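In: Pasting the sequence and the predicted coordinates here, then a few questions.
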Amino acid sequence: MSSRARYPPPGMEGGRGSYGGINPNPFHPRNPTQNDMTRGPAPGNMNHQTFHNPQQQQWLRRTQFPPPDLTVHEVEKVIQSEAVDSSLQDWKARLKLPPTDTRYKTEDVTATKGNEFEDYFLKRELLMGIYEKGFERPSPIQEESIPIALTGSDILARAKNGTGKTAAFCIPALEKIDQDNNVIQVVILVPTRELALQTSQVCKELGKHLKIQVMVTTGGTSLKDDIMRLHQPVHLLVGTPGRILDLTKKGVCVLKDCSMLVMDEADKLLSPEFQPSVEQLIHFMPSKRQILMFSATFPVTVKDFKDRYLQKPYTINLMDELTLKGITQYYAFVEERQKVHCLNTLFSKLQINQSIIFCNSVNRVELLAKKITEIGYSCFYIHAKMLQNHRNRVFHDFRNGACRNLVCTDLFTRGIDIQAVNVVINFDFPKNSETYLHRVGRSGRFGHLGLAVNLITYEDRFNLYRIEQELGTEIKQIPPQIDQAIYCR
Ligand SMILES: Nc1ncnc2c1ncn2[C@@H]1O[C@H](COP(=O)(O)OP(=O)(O)OP(=O)(O)O)[C@@H](O)[C@H]1O
Ligand SMILES: [Mg+2]
């Protein structure tokens, strides 16, 4: 089979082992017919259209004002307000905005109340970081949680995958930090090292124009380096619970002034693997602290923790339905020994920009990655038993589009945000509905379209049925042809 037949790409040179066709920057869509569903002009567009030449605009207005019947006092007021106006225009005009993402977006992110980031009276430097990250307006979860978090209230927030929970807690955290007070003021806990790296990167980007020191600390890296780093100012610490607890117990990480704790993927952080560390950490914090819990899934087990540690929490639940509107889900009935063949067919038929392929064990990840290479496709793989340096490289390179397919365990199930992923394949079907939801949520980020394909064996059939029921969703049998419009726009 020719490599081109495997990845038949309009405007793409993809192919077996070739990386040329991957679109690592989805803001430059491959498909020129994409539909723009954004709501009104981007801040950048506003700048270009309205404020393109501020001097000229100002001159035009000055020649029109003041009308002859204004008093001297009124004239002064007009001039003052124009000065404020022009300084506002100046900072907006100086923003370095990324290209607008013109891909189709679903109501999961577009059904907002119409707030603007400026409505929250954020520091100008923070607003600059937000706009320069390409965020035009807050998403629904951001509209709900930013103002509440700014009031200091505890929050338990549930919103769908990829709808912007990270910024929903990072923005208030960055706003509340006093950059002149060199103590740890916010801790963001996440369950995996890769998610910690990704989240700290988001904090750094949003806080680019602030003088806030962000540190990331996780297992698998040198403890000594972290200890040295903590002797320098740190305002915001992002990390995994075990390492942060370790540093805190040693007395190098001081949390007595830490007034905000964010638990991202909170339900995972309350699994037996993490909960004891999380609870110990809380005891190092002041009693008057704010706790923000975020996830797309909150099983009932979270209630006990909530009752013990949160004070009159404000509950946000934006999940009237559980699955994303932009993701189409299919299953294919196969025998175990046919799975690789089936994957081969999917590779040849689907228009994959980037894919994540999930297996249920480390061993199966390695075996499958080998098989995929043998049948002539390129893939990376990642799992928790690999050395951290190697994991970092794979994560970094896959994110940058160096390879089309990534085979992984549930290490990448939660929180990982790679905008170019439009296909998720459950090579092994997951055991529970939370895992399923988070896995398929790796595609269709920020309301974009995506495809989830589940390979189902005879043994999986009851799980498939149960997960469908629990999520109230339909997983359809895969048709012989899949319309590209449902996952490539
Ligand atoms: N207001 C916004 N405007 C445009 N893009 C945004 C906005 N907020 C977030 N995004 C983008 O949406 C993507 C998904 O955001 P994020 O990773 O925070 O989702 P999430 O809700 O945490 O998902 P998950 O449940 O999978 O962890 C990111 O690429 C982020 O940059
Ligand atoms: Mg997240």
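Out: Nice, thanks for sending it over. Note that the coordinates shown come from a computational prediction; the quantities given were computed from them, not determined experimentally. Ligands and ions are numbered 1, 2, ... in the order given.

In: Ligand 1 contacts on the stretch 151-300 of the chain?
Out: Contact residues (C-beta under 6 Å from any ligand atom) of the stretch 151-300 of the chain with ligand 1: 159, 161-167, 296. Any C-beta I mention is one placed from the backbone N, CA and C, and that applies to glycine too.

In: Excluding sequence neighbours, find me the nearest residue to residue 223.
Out: Nearest residue to residue 223, sequence neighbours excluded (C-beta to C-beta, 6 or more residues apart in numbering): residue 246, at 7.0 Å.

In: What's the separation between that neighbour and ligand 1?
Out: 25 Å (C-beta to the nearest ligand atom, to the nearest Å).

In: Equivalent analysis for residue 353, please.
Out: Look at residue 353 and ligand 1: by C-beta to the nearest ligand atom, they are 15 Å apart.

In: Which residues lie in contact with the residue lying closest to that residue once chain neighbours are set aside in this structure?
Out: The shortest distance from residue 353 to any residue other than its chain neighbours is 4.6 Å, reached at residue 422 (C-beta to C-beta, 6+ apart). Residues in contact with residue 422, defined by C-beta atoms under 8 Å, 6 or more residues apart in numbering, are 351-355, 443-444, 448-451, 487-488.

In: for the residue of the stretch 301-450 of the chain found nearest ligand 2, what are its contacts?
Out: Nearest to ligand 2, among the residues of the stretch 301-450 of the chain, is residue 415, at 4.0 Å (C-beta to the ion). Neighbour list for residue 415: 166, 190-192, 195, 198-199, 264-265, 438 [criterion: C-beta under 8 Å, 6+ apart].

In: Among these, which one has the most neighbours?
Out: Across the contacts of residue 415, neighbour numbers were computed from other C-beta atoms under 10 Å; residue 190 holds the maximum, 29 neighbours.

In: all strands of the stretch 51-200 of the chain, in order?
Out: 155-158, 186-189 (DSSP state E, counting those that start in this stretch).

In: With distance to residue 342 added, can I get those strands in TSV?
Out: Listed next are the strands of the stretch 51-200 of the chain as TSV, based on distance: least, C-beta to C-beta, whole Å:
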stretch	distance to residue 342
strand 155-158	34
strand 186-189	38
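
In: nearest to residue 394, of these?
Out: Taking C-beta to C-beta as the criterion, residue 394 comes closest to strand 186-189 out of these, the separation being 23.2 Å.

In: helices and strands around the closest one, which ones?
Out: Helices and strands touching strand 186-189, as assessed by 3 or more C-beta pairs under 8 Å, 6 or more residues apart in numbering; DSSP states H and E, comprise helix 165-176, helix 193-206, strand 236-239, helix 241-249, strand 260-264, helix 275-283.

In: out of the strands of the stretch 51-200 of the chain, deepest packed?
Out: When these are scored by mean count of other C-beta atoms under 10 Å, the highest mean neighbour count falls to strand 186-189 (a mean of 26).

In: For it, which strands pair with it and how are they oriented?
Out: When sheet partners are counted by DSSP bridges, strand 186-189 sits next to strand 236-239 (parallel), strand 260-264 (parallel).
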